[in-house]
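Undergrad: sequence and computational prediction follow.
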Protein chains: 2
Amino acid sequence: MSYEVIDGGVTAANGFKAAGVAAGIKYTGRKDMAMIYSEKPAVAAGMFTSNVVKAAPVKHDMEVVETSPFVQAVVANSGIANAATGEQGMKVCRETAKAVAAALAIPENAVLIGSTGVIGDQIPMDRVLPGIAALADALSDTRQAAADAEAAIMTTDTVPKEIAVRTVIGGKTVTIGGMSKGSGMIHPNMCTMLAYICTDCSISKEMLDKAAHLDIPDTFNMITVDGDTSTNDTYLLMANGLAENPVIDSEGEDFDIFMEALHYVNTYLARAMAKDGEGATALFEVKVVNADTKENAKMLARSVAGSALCKAAVFGHDANFGRILCALGYSGAGFDPEKVTLDFESRAGKVRVFEKGVKTGFSEEEATAVLSEDEVTVVADMDEGDASAVAYGCDLSYDYVKINADYRS
Amino acid sequence: MSYEVIDGGVTAANGFKAAGVAAGIKYTGRKDMAMIYSEKPAVAAGMFTSNVVKAAPVKHDMEVVETSPFVQAVVANSGIANAATGEQGMKVCRETAKAVAAALAIPENAVLIGSTGVIGDQIPMDRVLPGIAALADALSDTRQAAADAEAAIMTTDTVPKEIAVRTVIGGKTVTIGGMSKGSGMIHPNMCTMLAYICTDCSISKEMLDKAAHLDIPDTFNMITVDGDTSTNDTYLLMANGLAENPVIDSEGEDFDIFMEALHYVNTYLARAMAKDGEGATALFEVKVVNADTKENAKMLARSVAGSALCKAAVFGHDANFGRILCALGYSGAGFDPEKVTLDFESRAGKVRVFEKGVKTGFSEEEATAVLSEDEVTVVADMDEGDASAVAYGCDLSYDYVKINADYRS
């Protein structure tokens, strides 16, 4: 391991400031607008929702990431998603970018925008504009500033999600700090999430893009909370070069070190989002090992992590291996059921429930103990090859239904 | 409409008898074994789960339907699925077929078997054998016998599902009667279900097979309760020819009349299963109209019907059109969000919530009234062509979680 985890979030890397304020966009008495600012223009890579219905800020960011050589600020709000808002929604983005650019004296095409919340409602610009002014005033590189920004992008999230790691590349200390939010409408490609990762690494835009595209399929795209792929999913990775390491512009040892640290950051945030899924009482991790191909391993893992019946069984601390097997079976991947072995694992231990196609004589009591922890793993050994994958889900509780039966009001 | 709906179930068609008894397989004090018997050998068509993990009785039935020219009996149990049971599970099927054949004096390869319940447990033959004897004794063509058989295949179902229709083909009265059970692990291709349809129509095995394969993609395969495709799904259609209509051995007017009546039977049972989905308080019907292709219409309809967030909103009587749009968006079908119009409909009226890409000024009160009925429809007009499809789902309630958090115990 060539990196160390440090305390911090989006302000951990050199030259990144943040802020979070209460602009009264939808919620009252809580922060609902966040800003990230890089002192030095940063190269950016982004990955966005695969949903045909893309929110206005997603369309805006896709264009900025593709056409701007550098970015310098992100402004994000919670409460209203600015999705399914037609031409008015795009106008809101243009006006927002203009106001942020003016407040920070940066080009308009260096401003990224994120929104999360209710679909279909329009964003009130009369609240956004004072919010932007307040954010610009509050920008700071402190620990608290990162926490404020994290708080401001939360919707039904119950805990903020942040992480920072430090590594050494070419003799220079490189830091990566990130934050993200969930926690419903979460399903691969991408999940309902905003994730912002800031690094002072010196890296070309091309290699930054490559890093994001290599790692996200195994991390953020392996999360599922409810099978609903949101209209707003946004992952942004920004690198401002202030670490002054020799610029990473090709594959090699430096890129590998960066990838290893980035992978930790992405995995940490992905797991944290799954564990804080709406109504969740436990992280439900699905490890598929010895599958025939990587693609099949991923399909199998996602199928189990996304199964309502498996998720409800985890909530009930029930070692219902039949549902696991059933979900493997309809994943779309072919395999021989007679070769499958299933283990449940957690801090409380490990119990083998199914071996080579037949139920074992496991103790229900022991299994219930294993399943009563707040992080539960099922390991499915397919005995078909040597490919593996991990999917991150959560259990399905009464509270998921409660939260979503009346989210809008 | 060339058919009429009549009172009855699997014994409605000429020559079909049924029975249901309490064999103590898993449940106590309730019927858990059912039998259907045709006085005359019947041609059969079947459709089975697409799950890689197929229950032993599914494998058994697939072979019988493919290799036997005629069938004459079905025996089914609830409580234990006989899935993931290895070689022992197949042995149970062989012994069951043998016992039924002996009790009814019919060939072993004329016996179909169905099981539904917990995956992974073995079926106790010491209870099945007396159960078969009791069933053979109790066989009858009465209304009550059909009701007994329906009761015996229920698991978490709250109501029995049966239907019968009568039509005239070639001057002869032809009857189709059916029963089915749900109600969790329900998702297209096929759903978790056992469905048995008995008709006295005179029709060739080939045309019967064609009828099943033409109609099921638009009926049973458009149901979803929870996205989990079971290991045991079985649809069986049996025709014994006792109506003595001129045998249907090709397409034409007679086949069309038969198809129309069969489509009604299949649609009725599919809707009834969706409405009685685990924990459901409402049927959630999703009609997609004016899509570009039939395939896309189906993908769009299924995506919305299967969305946990849309289902939870229906439970909360919340006109959350944003989630509908989101689920259309990640269905896999391409479309222009700016052209979409969405209506909610029920017995209480109709309300347009989204028109050509923008939220309408609908009354929340009115929308809540429409969504408070026990059958709710959303109509998505894609304005892309003239293809349409309907998917049948249900809402997501606390009780779904409750039922499934501890199903095994």
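TA: Here it is on my side, so go on.
Undergrad: the closest residue to residue A:169 other than its chain neighbours: how many residues sit nearby?
TA: In space, and not counting its chain neighbours, residue A:169 is closest to residue A:245: 4.3 Å by C-beta to C-beta, 6 or more residues apart in numbering or on different chains. All C-beta spots, glycine's among them, are computed from the backbone N, C-alpha and C. Residue A:245 has 22 neighbours, counted by other C-beta atoms under 10 Å in any protein chain shown.
Undergrad: what is the least confident helix or strand in chain A?
TA: helix A:398-405 (a mean of 80; mean pLDDT, DSSP states H and E).
Undergrad: what's next to that one, contact-wise?
TA: With contact meaning C-beta atoms under 8 Å, 6 or more residues apart in numbering or on different chains, helix A:398-405 is reached by A:156, A:184, A:226, A:277-280, B:308-309, B:312-313, B:315-316, B:318, B:396-398, B:400-402.
Undergrad: name the single longest helix found in chain A.
TA: Assignment by DSSP state H gives helix A:253-275 as the longest helix of chain A.
Undergrad: what about that helix, near chain B?
TA: No: using C-beta under 8 Å from any C-beta of the partner chain, helix A:253-275 never reaches chain B; the gap is at least 15.0 Å.
Undergrad: just stretch A:340-359 next, same as before
TA: Yes: residues of stretch A:340-359 contacting chain B under C-beta under 8 Å from any C-beta: A:354, A:357, A:358, A:359.
Undergrad: distance between that stretch and the chain's centre?
TA: Between the centre of stretch A:340-359 and the centre of its chain there are 29 Å (C-alpha atoms, centre = their mean, to the nearest Å).
Undergrad: so can I have CSV of the residues of stretch A:340-359 next to chain B showing pLDDT?
TA: Putting those into CSV (pLDDT from 0 to 100) gives the following:
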residue, pLDDT
A:354, 95
A:357, 89
A:358, 88
A:359, 90
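Undergrad: count the neighbours of residue A:253 for me.
TA: 11.
Undergrad: I should have written residue A:363 there, sorry.
TA: A count of nearby residues for residue A:363, using other C-beta under 10 Å, gives 11.
Undergrad: roughly how far apart are it and chain B?
TA: Distance of residue A:363 to chain B, given as C-beta to the nearest C-beta, to the nearest Å: 14 Å.
Undergrad: same deal with residue A:172?
TA: 42 Å.
Undergrad: show me what contacts that residue?
TA: A:243, A:244, A:245.
Undergrad: what's the first one in contact with, if anything?
TA: If a contact means C-beta under 8 Å, 6+ apart, then residue A:243 has A:13, A:14, A:169, A:172, A:173, A:174, A:175, A:199, A:200, A:201, A:202 as its contacts.
Undergrad: ok but the fifth one is inside a strand, no?
TA: Yes: secondary structure of residue A:173, determined by DSSP: H, G, I helix; E, B strand; the rest coil: located in a strand.
Undergrad: and the helices in the stretch 1-150 of chain A?
TA: All helices of the stretch 1-150 of chain A, identified by DSSP state H, counting those that start in this stretch, fall at A:56-67, A:86-104, A:125-138, A:143-152.
Undergrad: so which of those gets nearest chain B?
TA: Nearest to chain B among the helices of the stretch 1-150 of chain A is helix A:86-104 (4.7 Å), distances taken as C-beta to the nearest C-beta.
Undergrad: buried set for that closest one?
TA: If you call a residue buried by 16 or more other C-beta atoms under 10 Å in any protein chain shown, then helix A:86-104 has these buried ones: A:89, A:92, A:93, A:96, A:97, A:99, A:100, A:101, A:103, A:104.
Undergrad: okay, the residues you listed in a markdown table with distance to residue A:115 and pLDDT next?
TA: What follows is these, written out as a markdown table (distance: C-beta to C-beta, whole Å; pLDDT from 0 to 100):
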| residue | distance to residue A:115 | pLDDT |
| --- | --- | --- |
| A:89 | 9 | 95 |
| A:92 | 9 | 97 |
| A:93 | 9 | 97 |
| A:96 | 9 | 98 |
| A:97 | 13 | 98 |
| A:99 | 15 | 98 |
| A:100 | 14 | 98 |
| A:101 | 18 | 98 |
| A:103 | 18 | 98 |
| A:104 | 19 | 98 |
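Undergrad: what does the average pLDDT come to for the longest strand anywhere in chain A?
TA: Looking across chain A with DSSP state E, the single longest strand is strand A:33-48. Strand A:33-48 carries an average pLDDT of 94.
Undergrad: got the CA coordinates for it in PDB?
TA: Output of strand A:33-48 as PDB, limited to C-alpha atoms (Å, rounded to 0.1, in the frame of the first residue of the first chain):
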ATOM      1  CA  MET A  33     -25.600  25.000  -1.500                       C
ATOM      2  CA  ALA A  34     -22.000  24.000  -1.800                       C
ATOM      3  CA  MET A  35     -19.000  25.300  -3.600                       C
ATOM      4  CA  ILE A  36     -15.600  24.000  -4.400                       C
ATOM      5  CA  TYR A  37     -12.900  26.300  -5.800                       C
ATOM      6  CA  SER A  38      -9.400  25.600  -7.000                       C
ATOM      7  CA  GLU A  39      -6.900  28.400  -6.800                       C
ATOM      8  CA  LYS A  40      -5.300  27.200  -9.900                       C
ATOM      9  CA  PRO A  41      -7.200  26.000 -13.000                       C
ATOM     10  CA  ALA A  42      -7.600  22.200 -12.800                       C
ATOM     11  CA  VAL A  43      -8.000  19.500 -15.500                       C
ATOM     12  CA  ALA A  44     -11.200  17.600 -15.000                       C
ATOM     13  CA  ALA A  45     -12.600  14.200 -15.800                       C
ATOM     14  CA  GLY A  46     -16.300  13.400 -15.400                       C
ATOM     15  CA  MET A  47     -18.700  10.500 -15.600                       C
ATOM     16  CA  PHE A  48     -22.400  11.000 -15.800                       C
END
